[in-house]
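[1] Just a sequence and a predicted model for now, questions to come.
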There are 2 protein chains.
Amino acid sequence: MTEQTPVAPSTASRSARKGKRRGRPKKQPNGGIDTREKILAAAIKVFAARGLSGGRVNVISRAARSNDRMIYYYFGSKERLFVEVLEKVYRDMWEAESALALDQADPIEALEKFVGFTLDYYLSHPEMLTILNNENLLQGKHVTKSKKLKELSSPALDLMERIYRRGVEKGLFRADVKPLELYLSVLALNYFYVSNRYTLSAFLGADLTGDSLKSWRRWAVDVIVRAVRV
Amino acid sequence: MTEQTPVAPSTASRSARKGKRRGRPKKQPNGGIDTREKILAAAIKVFAARGLSGGRVNVISRAARSNDRMIYYYFGSKERLFVEVLEKVYRDMWEAESALALDQADPIEALEKFVGFTLDYYLSHPEMLTILNNENLLQGKHVTKSKKLKELSSPALDLMERIYRRGVEKGLFRADVKPLELYLSVLALNYFYVSNRYTLSAFLGADLTGDSLKSWRRWAVDVIVRAVRV
DNA sequence: AAATGAATTAAGTGATTACTACATTTTTGC
DNA sequence: GCAAAAATGTAGTAATCACTTAATTCATTT
């Protein structure tokens, strides 16, 4: 048996496995979900809760009802697992953004809906925020290395550009706004509110859910609309 | 001599040392700066760069040109050191905010200056952002425990309330705005831009310093003013 | 100059951690 | 059914980490 690869020679068994293997197209020995998927899902939760350095490999593998060994089998290293986590988190958000059908709507209404969507997405995917914060802590070390992420771009930014252009054409919006800055402002208002809710509510006393959240939602929409209206 | 404390019994020798000691009023055996201060300054840098779990105790002590033991001598534990780091970072910002003398200025101008101040402070104190992000990752675990932080409150929020009130009185601002939401919006626009600059610039291609930064500064001021103007 | 205690250093320690060598089981192509 | 390859499980290991024990230096007091 000298020809065989010596059974997963450490790092040689990378991640790009699914594409390369010869046989075994579908069914896994496991139940429905693939082990790889389960690890990825568990890693998102653990990295979101503890950060990259605080997220322990064995905590991830146990949360995935798997084994440390499998993380290295499928991903090679903790860091490469984190890169895939980043990719998945972005991809999921971009998928959700793609479902936004705001091109027919009145520009003002489209703007309002977009602000609401952003806030809702952050609220329902808080792991996105902490993982992104972590990546910024590390000065974007991993995003810059990921080819997959570099190729893609946010559908929401394109959407915002279209909404803005229609608003200008209809005479509703002033013409001297950079759509990118408008887009970033929507993200900023919502990101800050959700991401910093713990330190904010500690200092402000009040919780930021419930009525405060509703009020903020109205306020954010108002700020954005006022920013572009003629 | 049964009264004496038995030579630093590990955690019993806490931090509140300076006030309590009997003799030795001033001079340290070291050079000018106290070891405790040096450790705190080094901890800010290290925690800001690597996070709480990623920031190693021995890296901090070496950066402070001291010794692991001294961290435990003065702070008791890595976590208590982190709490003091949080306290210092907040206190420094609140001190800077206190220096803002914007009560005489025209309300609109005061608003503009406040936005600029916030952006400048984040740019010149990026460690503030990463440390706060870390604390939010940990769900405010430490801020809620720190009594010192609970007692204080942001001078800038008070200032914003005064500016807003004067603006309403003068008929410049609409009356139905919550000053807190206005204040949070200023923070949000600037915090997001500076904190997420690594992931943002990775996706947008462009860097966010230089001209883009100048443009953003104008834009942020504009957004805030438009949000309150009648 | 002796006593005193705070400040500092040196040298660990046990627990934890990311990662791996090796063995075994499961699946698939033929 | 049978090899070969893929997937999984077991049991580590070397390195790292937060934290400690214990001894020493040094300014100050008396």
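    Yep, that arrived.

[2] Heading C-terminal from the helix or strand bottoming out on mean pLDDT in chain A, find the next helix or strand.
    Ranking every helix and strand in chain A by mean pLDDT, DSSP states H and E puts helix A:17-20 at the bottom, with a mean of 34. For helix A:17-20, the following helix or strand on the C-terminal side (DSSP states H and E) is helix A:35-54.

[3] list the helices and strands whichever helix or strand comes after that following helix packs on?
    Note on helix A:35-54: by DSSP H and E, the next helix or strand toward the C-terminus is helix A:57-63. Other elements packing on helix A:57-63 under the criterion 3 or more Cβ pairs under 8 Å, 6 or more residues apart in numbering or on different chains; DSSP states H and E are helix A:35-54, helix A:68-74. Placement of C-beta: from N, CA and C, glycine included.

[4] And stretch A:209-225, what's buried?
    Of all the residues in stretch A:209-225, those buried under the rule 16 or more other Cβ atoms under 10 Å in any protein chain shown are A:212, A:216-217, A:219-225.

[5] what do you get for stretch A:164-174?
    Across stretch A:164-174, burial judged by 16+ other Cβ under 10 Å covers A:164, A:166-168, A:172-173.

[6] Then stretch A:129-147?
    Quick answer for stretch A:129-147 (16+ other Cβ under 10 Å): A:129-138, A:140-143, A:146.

[7] Quick check: the closest residue to A:Thr130 other than its chain neighbours vs A:Asn134, distance?
    Once flanking residues are discounted, A:Thr130 sits nearest to A:Ala48: 4.6 Å by Cβ to Cβ, 6 or more residues apart in numbering or on different chains. A:Ala48 sits at a distance of 8 Å from A:Asn134 (criterion: Cβ to Cβ, to the nearest Å).

[8] What strand or helix carries A:Leu213?
    Here A:Leu213 is assigned to helix A:210-228, by DSSP H and E.

[9] for that helix, packing partners?
    Against helix A:210-228 (3+ Cβ pairs under 8 Å, 6+ apart) you get helix A:107-124, helix A:179-195, helix B:179-195, helix B:210-228.

[10] what is the orientation angle of the third one with helix A:179-195?
    Using axes from the mean of the first three to the mean of the last three Cα atoms, to 10 degrees, the inter-axis angle of helix B:179-195 relative to helix A:179-195 is 110 degrees.

[11] Outline the domain layout of chain A.
    Listed domain ranges for chain A are A:30-76, A:86-230 (source: automatic domain parsing).

[12] does DNA strand C sit close to the helix or strand hosting A:Met93?
    In this structure, A:Met93 sits in helix A:78-98 according to DSSP H and E. Yes - against DNA strand C, helix A:78-98 shows contacts by Cβ under 7 Å from any atom of the strand at A:78-79.
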